[in-house]
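Asker: I would like to see how this sequence folds:
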Amino acid sequence: MLSFSPALATETPRSLLAAGRIDQALQILDHQPAPTAETYNLTCRAYFEVEAWDAAIPACEKAVALAPDNSVYHLWLGRAYGEKADRSIFFKAVGLAKKLRTEFERSVELDPGNWQARTDLAEFYLEAPAIVGGGRDKARAQATQLMPLNPAIAHWVSARIAEKENDPDTAEREYHAAIDASHGGAFAWLNLAGFYRHTGRLDEMEQALHTMESRPLDRPGALVDGAGLLLRTSRDYPMAIRLLRRYIDSPATVEEAPVFKAHYMLGEVFEKQGNRQAPAEEYRAALSMAHSYTRAQDALKRVAH
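Answerer: Presented below is the predicted three-dimensional model:
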């Protein structure tokens, strides 16, 4: 465990999580004299960011036990169950999937206006088999409920449903409808780029990302996710670097796209370019913020050799 620094007294765990400074957030949270439900929820989210699901789940469970009527706490517990399920053997994954459905549904029940919870629930219904409660009709119902709460996200869910139904024309129309509903926001352009990637239209994916770069940054994490699309498709590395550096240098970083992961991704891009020194610097930058992030640990070992 890292030693506590008195200099952190003026920081809050929420601000540190938003800045991607996971180690420092955990220092404060670990030194709370009387942990509260909020303490446990934020601890869960810190571990969630470094992909330590086995540590995240019990922290989130404690938050829910202390505040069972909090929609946000149920949402984060469901997310932790979901990530663990994705990495588990079938029978264990089935049990976790049922748990996460319960948490997402409870989150929506407690706060019907929580569009993030409805979005996660819609994704679950869309991706999960019927044996654990999935179903496209259920996802479609959530899209209807989302329309007055967040029209752009409602169109995104409808687009995803159309993709699942092998209807790319409808999907593309819905992605464009999401762009219109968001007034041309960057996040909707990112999602259209993701659709083009799935359908093998990589030139159009790049063009959508170039457009995204100049659009209102309604979700700052879109910069990191856009860079990720370019990295995974081995396209336009200079643009990926530009997006990541813009995010890292921005004061408007967010928890959903931890800065340490942006540094890690930047290291990956440099590696793809054949750069020998810059990747190690980025991996060290990531580990300076989240020392237990195993992806950066492994990457640093790789480039060090």
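
Asker: pull up the per-residue confidence for residue 94.
Answerer: Per-residue pLDDT puts residue 94 at 90.

Asker: now the one 10 residues further on
Answerer: In this prediction, residue 104 carries a pLDDT score of 98.

Asker: burial of it, as a residue count?
Answerer: If you count neighbours by other C-beta atoms under 10 Å, residue 104 ends up with 28. Just so you know, the C-beta spots here come from the backbone N, C-alpha and C atoms, and that holds for glycine as well.

Asker: cool, residue 84 as well?
Answerer: Neighbouring residues of residue 84 were enumerated by other C-beta under 10 Å; the total is 18.

Asker: pull out the buried positions in stretch 189-201.
Answerer: 189-197, 201 (16 or more other C-beta atoms under 10 Å).

Asker: swap that for stretch 231-239, please
Answerer: 231, 235-237, 239.

Asker: Throw these into TSV and include secondary structure, pLDDT and distance to residue 185, thanks.
Answerer: Output for these, formatted as TSV (DSSP: H, G, I helix; E, B strand; the rest coil; pLDDT from 0 to 100; distance: C-beta to C-beta, whole Å):
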residue	secondary structure	pLDDT	distance to residue 185
231	helix	98	22
235	coil	97	22
236	coil	98	21
237	helix	98	25
239	helix	98	19
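
Asker: would you reformat these as TSV and include distance to residue 68?
Answerer: TSV is the format used below for these (distance: C-beta to C-beta, whole Å):
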residue	distance to residue 68
231	41
235	47
236	48
237	48
239	46
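
Asker: for the stretch 201-305 of the chain, give me the ranges with low pLDDT.
Answerer: Judged against pLDDT under 70, the stretch 201-305 of the chain has no low-scoring part.

Asker: out of the buried residues of stretch 231-239, which one sits closest to residue 297?
Answerer: Closest to residue 297 out of the buried residues of stretch 231-239 is residue 231 (19.2 Å), distances taken as C-beta to C-beta.

Asker: any idea how far that closest one is from residue 197?
Answerer: Residue 231 sits 11 Å away from residue 197, going by C-beta to C-beta, to the nearest Å.

Asker: ditto for residue 28
Answerer: From residue 28 over to residue 197 (counting by C-beta to C-beta), the distance is 39 Å.

Asker: and for residue 254?
Answerer: On the measure of C-beta to C-beta, residue 254 and residue 197 end up 23 Å apart.

Asker: helices of the stretch 51-200 of the chain, start to end?
Answerer: 53-66, 71-86, 90-110, 115-127, 136-146, 151-164, 168-181, 186-198 (DSSP state H, counting those that start in this stretch).

Asker: keeping just the C-alphas, turn the first one into PDB.
Answerer: In this case it means helix 53-66. Provided in PDB are the C-alpha atoms of helix 53-66 (Å, rounded to 0.1, in the frame of the first residue of the first chain):
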ATOM      1  CA  TRP A  53     -12.700  -6.700 -10.700                       C
ATOM      2  CA  ASP A  54     -12.200  -9.000  -7.700                       C
ATOM      3  CA  ALA A  55     -11.400  -5.900  -5.600                       C
ATOM      4  CA  ALA A  56     -14.100  -3.700  -7.200                       C
ATOM      5  CA  ILE A  57     -17.000  -6.100  -6.600                       C
ATOM      6  CA  PRO A  58     -16.900  -6.400  -2.800                       C
ATOM      7  CA  ALA A  59     -16.500  -2.600  -2.400                       C
ATOM      8  CA  CYS A  60     -19.500  -2.000  -4.600                       C
ATOM      9  CA  GLU A  61     -21.500  -4.700  -2.700                       C
ATOM     10  CA  LYS A  62     -20.700  -2.800   0.600                       C
ATOM     11  CA  ALA A  63     -21.900   0.400  -0.900                       C
ATOM     12  CA  VAL A  64     -25.200  -1.200  -1.900                       C
ATOM     13  CA  ALA A  65     -25.600  -2.900   1.500                       C
ATOM     14  CA  LEU A  66     -25.200   0.500   3.200                       C
END
